[in-house]
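Student: can't give you the sequence, but here's the structure:
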């Protein structure tokens, strides 16, 4: 592939993977340990990802169990969960923290689907902005002795990439929406 197009495809790939990562943090009524990916805990004065200070398991469909490697971290982990926007109340028995996921109401499911669609639109706008940047760069090539046909060809290739990544974003939105609406 043309290296002039490759860098724009790489940006589109990053946009898509960032969007997919963001979707994993939206809870769908089932316990998904990835919703804890963004949480950090103060570990000896350093903000450390939760996965690096505790063992995270999903023993049941609607329960996440967090077992810190040091008991002194239990309070800090609970505080991090309460301060986050997860909307979960942790409970602990002195050794293990449990996060119980309540059943989502129909209204809450619809709200989450709307949120997913909004994030999908933002990802599509980002992909289109990358296309615009590419087309602007290609127009500048006209001034640098590149034929109009070659510029047209580059623009068409970027348009095909844009269509592909927008279709991928739509597919991810549909998949997550189905997952959320499944009771």
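Tutor: Noted; the coordinates are in hand. Here the structure is a predicted model, which means the values were calculated and not measured.

Student: drop to CA atoms for contacts and neighbour counts, all remaining ones
Tutor: OK.

Student: Can you give the domain ranges for this protein?
Tutor: 3-24+105-181, 33-100 (automatic domain parsing).

Student: I'd like to know how far residue 162 sits from residue 141.
Tutor: 20 Å (CA to CA, to the nearest Å).

Student: Could you check which of these two is surrounded by more residues?
Tutor: Shown here are residue 162 and residue 141; by other CA atoms under 10 Å, residue 162 has more neighbours (21 against 15).

Student: wait, doesn't that one sit right on residue 129?
Tutor: No: using CA atoms under 8 Å as the test, residue 162 is too far from residue 129 to be in contact (9.7 Å).

Student: now the end-to-end length of stretch 139-159.
Tutor: Separation of the first and last residues of stretch 139-159 by CA to CA is 14 Å.

Student: cool, stretch 33-52 as well?
Tutor: 13 Å.

Student: which regions of the protein sit below the pLDDT cut-off?
Tutor: 1, 27-29, 183 (pLDDT under 70).

Student: which residues of the protein fall in strands?
Tutor: 40-43, 46-49, 54-60, 63-68, 90-92, 97-100 (DSSP state E).

Student: Return the most buried member of those.
Tutor: Highest mean neighbour count of these: strand 63-68, a mean of 21 (counted as mean count of other CA atoms under 10 Å).

Student: From the centre of this protein, point out the most distant residue.
Tutor: residue 145 (41.4 Å; CA atoms, centre = their mean).

Student: Now the phi/psi pair for it, please.
Tutor: phi 60, psi 40 (degrees, to the nearest 10).

Student: and if you look at residue 96?
Tutor: According to degrees, to the nearest 10, residue 96 has phi -130, psi 140.

Student: Would you mind measuring from the closest residue to residue 78 other than its chain neighbours to residue 15?
Tutor: In this structure, residue 78 finds its nearest non-sequential neighbour in residue 90, 6.1 Å apart by CA to CA, 6 or more residues apart in numbering. Distance, residue 90 to residue 15, by CA to CA: 33 Å.

Student: do residue 59 as well
Tutor: From residue 59 over to residue 15 the distance is 33 Å, taken as CA to CA.

Student: same question, residue 74
Tutor: Applying CA to CA to residue 74 and residue 15 gives a distance of 35 Å.
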